[in-house]
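Engineer: Sequence plus the predicted model coming up.
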Amino acid sequence: MEEQYKCPWCGCEDVVYGVQADKGKVRPAKNVTFNEGQVLIHVICKSCGTVLRSYVKKPEKLVE
């Protein structure tokens, strides 16, 4: 079952998913090697572009 979203700004219920990676990766709050980090997923309103939700793809990888 796919999650349902409704934009609080324009009321649109159509969304697209975007991925923030590479230099924008989320990393644990500790010293890390150059290539560590997890992809950040954004749920974006298809009508107005508002980011409705952002989440880390694999949060278990952030555990120290």
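Structural biologist: Alright, I've got the coordinates. Since this is a predicted model, take the numbers as computed values, not measurements.

Engineer: Quick check: chain neighbours aside, which residue is closest to Cys45?
Structural biologist: Cys7 (4.0 Å; Cβ to Cβ, 6 or more residues apart in numbering). Any C-beta I mention is one placed from the backbone N, CA and C, and that applies to glycine too.

Engineer: count of neighbours near the one you found?
Structural biologist: Neighbourhood size, Cys7 [other Cβ atoms under 10 Å]: 19.

Engineer: which phi and psi does the spatially most central residue of the chain have?
Structural biologist: A centroid search over the chain (Cα atoms, centre = their mean) returns Ile41, at 2.5 Å, as the residue closest to the centre. In terms of degrees, to the nearest 10, the main-chain angles of Ile41 are phi -100, psi 140.

Engineer: helices or strands up against the helix or strand bottoming out on mean pLDDT in the chain?
Structural biologist: The weakest-scoring helix or strand in the chain, judged by mean pLDDT, DSSP states H and E, is strand 15-20 (a mean of 88). Contact partners of strand 15-20 among helices and strands, from 3 or more Cβ pairs under 8 Å, 6 or more residues apart in numbering; DSSP states H and E: strand 40-45.

Engineer: Report the strands that pair with the strand it packs on, each with its relative direction.
Structural biologist: strand 15-20 (antiparallel), strand 51-56 (antiparallel) (DSSP bridges).

Engineer: chain center to it: distance?
Structural biologist: Distance of strand 40-45 from the chain centroid (Cα atoms, centre = their mean, to the nearest Å) equals 5 Å.

Engineer: Please work out the average pLDDT along it.
Structural biologist: Regarding strand 40-45, the rounded mean pLDDT is 90.

Engineer: thinking again about what came up before, contacts only, for the residue nearest to the centre of the chain.
Structural biologist: Each residue near Ile41 by Cβ atoms under 8 Å, 6 or more residues apart in numbering is listed here: 17-20, 54-57.

Engineer: can you put these in JSON lines and add distance to Cys48?
Structural biologist: Formatted as JSON lines, these follow (distance: Cβ to Cβ, whole Å):
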{"residue": "Tyr17", "distance to Cys48": "16"}
{"residue": "Gly18", "distance to Cys48": "14"}
{"residue": "Val19", "distance to Cys48": "20"}
{"residue": "Gln20", "distance to Cys48": "19"}
{"residue": "Ser54", "distance to Cys48": "16"}
{"residue": "Tyr55", "distance to Cys48": "20"}
{"residue": "Val56", "distance to Cys48": "24"}
{"residue": "Lys57", "distance to Cys48": "25"}
